[in-house]
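*Asks:* Kindly return the folded structure for what I paste below:
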Amino acid sequence: MLSAYFIDGIAFATESFAGRYYGSGNGAELRRLLWVGGSTSVGLGLTFALAVNLFPQTLFGLLTSHDTVIATMETYVGWLLPILGLGAIAYMLDGYFLGLTAGKVLRNATLLAAGVGFFPLAILSQQVGSPHLLWLALAGLMTGRALTLLWAVPTFLR
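*Replies:* Predicted structure coming up:
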């Protein structure tokens, strides 16, 4: 989706500025970067999700002319709000920690989020045959990544 390019772009910008500010020891700029990067990323992610939720026929119609595909897409379009909202935070924080060269934090956050927030629900989704549970698993992964990375932020602002 187009939103991924915008959210990734913000993550790349956050990465560049985080490295620059962290190297100079500028904690105030790092805090401002988190606020600006986070609010911009979430704002754009939710704007795209809202647009697709409000105009699904029109926007999905740009991707395909198959009515059955569009009808199936409309069944799951509500999941874009939590996925893009939480994903925007997670990806912006990925950029932040990449800029700080804190690979260990990123690894640990991803492993924890996958182990707790994604895999249990994904396995249950497969056993029950529920695509909605799979979407919930993805939301759980994004929530886990966002929370674990947010938890690590204060350590790097000192």
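*Asks:* Quick check: phi and psi on Ser24?
*Replies:* Backbone torsions for Ser24, taken as degrees, to the nearest 10, come to phi -90, psi 0.
*Asks:* Local confidence estimate at it?
*Replies:* The confidence metric pLDDT takes the value 86 at Ser24.
*Asks:* Checking Thr64 next. Helix, strand or coil?
*Replies:* Classification of Thr64 using DSSP: H, G, I helix; E, B strand; the rest coil returns coil.
*Asks:* The chain should start at 11 in everything you say after this.
*Replies:* OK, 11 is where the count begins now, so the last one is Thr74.
*Asks:* Tell me how many other residues crowd it.
*Replies:* Counted by other Cβ atoms under 10 Å, the residues lying close to Thr74 total 11. C-beta here means a position set from N, CA and C on the backbone, and glycine is covered the same way.
*Asks:* For it, which non-adjacent residue is closest in space?
*Replies:* Computed as Cβ to Cβ, 6 or more residues apart in numbering, the closest residue to Thr74 that is not its neighbour in sequence is Ile80, at 6.5 Å.
*Asks:* and what of Val52?
*Replies:* The shortest distance from Val52 to any residue that is not its chain neighbour, by Cβ to Cβ, 6+ apart, is 4.7 Å, and that residue is Ala98.
*Asks:* ranges for the helices of the protein?
*Replies:* With DSSP state H as the criterion, the chain has helices at 12-33, 37-64, 66-71, 77-86, 90-109, 113-122, 129-138, 141-167.
*Asks:* and among the ones you listed, the most buried is which?
*Replies:* Across these, averaging neighbours per residue (mean count of other Cβ atoms under 10 Å) puts helix 90-109 on top, at a mean of 23.
*Asks:* Would you mind writing the CA trace of that helix as PDB?
*Replies:* Extracted C-alpha coordinates of helix 90-109, given in PDB (Å, rounded to 0.1, in the frame of the first residue of the first chain):
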ATOM      1  CA  LEU A  90      -6.200  -1.200   8.800                       C
ATOM      2  CA  LEU A  91      -6.900   1.300  11.600                       C
ATOM      3  CA  PRO A  92      -5.000  -0.600  14.300                       C
ATOM      4  CA  ILE A  93      -2.500  -2.100  11.900                       C
ATOM      5  CA  LEU A  94      -1.500   1.200  10.400                       C
ATOM      6  CA  GLY A  95      -1.800   3.200  13.600                       C
ATOM      7  CA  LEU A  96       0.300   0.800  15.700                       C
ATOM      8  CA  GLY A  97       2.600  -0.100  12.800                       C
ATOM      9  CA  ALA A  98       3.400   3.600  12.300                       C
ATOM     10  CA  ILE A  99       4.600   3.800  15.900                       C
ATOM     11  CA  ALA A 100       6.600   0.600  15.600                       C
ATOM     12  CA  TYR A 101       8.300   1.500  12.300                       C
ATOM     13  CA  MET A 102       9.200   5.100  13.400                       C
ATOM     14  CA  LEU A 103      10.700   3.600  16.600                       C
ATOM     15  CA  ASP A 104      12.600   1.100  14.400                       C
ATOM     16  CA  GLY A 105      14.100   4.000  12.600                       C
ATOM     17  CA  TYR A 106      14.900   5.700  15.900                       C
ATOM     18  CA  PHE A 107      16.800   2.800  17.300                       C
ATOM     19  CA  LEU A 108      18.500   2.000  14.000                       C
ATOM     20  CA  GLY A 109      19.800   5.600  14.100                       C
END
